[in-house]
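[1] Show me how the following folds:
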Amino acid sequence: MLEGDRTLFNQYGVMAVNPERHPHVKYAEVMKFINFLVSEKGQKAIADFRDSRGNRLFHPNAR
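    Numbers count the residues shown, from 1 in each chain. From the prediction side, this is the model:
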């Protein structure tokens, strides 16, 4: 009944912080994670994530 309702849209995003401003961050590891998330394999893992009843929870849209 509510699926597709624009008022329920909740976009997620990911970005790395600037390592020059925050030298303690693990920038190389973050970039590996980001690259995985936007890769075909990562997008498939996100799309395949289901709850206990088999409902798809996320709709990946990395471009």
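
[2] hey, let's count contacts and neighbours off CA atoms from now on
    Noted.

[3] how about whichever strand or helix holds Ile34 as PDB, C-alpha atoms only?
    Counting by DSSP states H and E, the element that carries Ile34 is helix 27-38. Presented in PDB, the C-alpha positions along helix 27-38 are these (Å, rounded to 0.1, in the frame of the first residue of the first chain):
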ATOM      1  CA  TYR A  27      41.700   6.800   4.000                       C
ATOM      2  CA  ALA A  28      42.900   3.800   2.000                       C
ATOM      3  CA  GLU A  29      40.600   1.400   3.800                       C
ATOM      4  CA  VAL A  30      37.600   3.800   3.400                       C
ATOM      5  CA  MET A  31      38.300   4.100  -0.300                       C
ATOM      6  CA  LYS A  32      38.300   0.300  -0.700                       C
ATOM      7  CA  PHE A  33      35.000   0.200   1.100                       C
ATOM      8  CA  ILE A  34      33.500   2.900  -1.000                       C
ATOM      9  CA  ASN A  35      34.700   1.300  -4.200                       C
ATOM     10  CA  PHE A  36      33.200  -2.000  -3.100                       C
ATOM     11  CA  LEU A  37      29.800  -0.300  -2.300                       C
ATOM     12  CA  VAL A  38      29.600   1.200  -5.800                       C
END
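
[4] Could you check the strand or helix carrying Gln43 and say which residues are buried?
    In the assignment (DSSP H and E), Gln43 maps to helix 40-48. Using 16 or more other CA atoms under 10 Å as the test for burial, helix 40-48 gives Gly42, Gln43, Ile46, Asp48.

[5] And the contacts of it?
    Helix 40-48 has contacts (CA atoms under 8 Å, 6 or more residues apart in numbering) with Phe36, Leu37, Arg56, Leu57, Phe58, His59, Pro60, Asn61, Ala62.

[6] In helices, which of those fall?
    Phe36, Leu37 (DSSP state H).

[7] Out of the contacts of helix 40-48, which end up buried?
    Leu37, Phe58, Pro60.

[8] Met15 reaches Phe33, doesn't it?
    No: look at Met15 against Phe33 with CA atoms under 8 Å: they stay out of range, at 10.0 Å.
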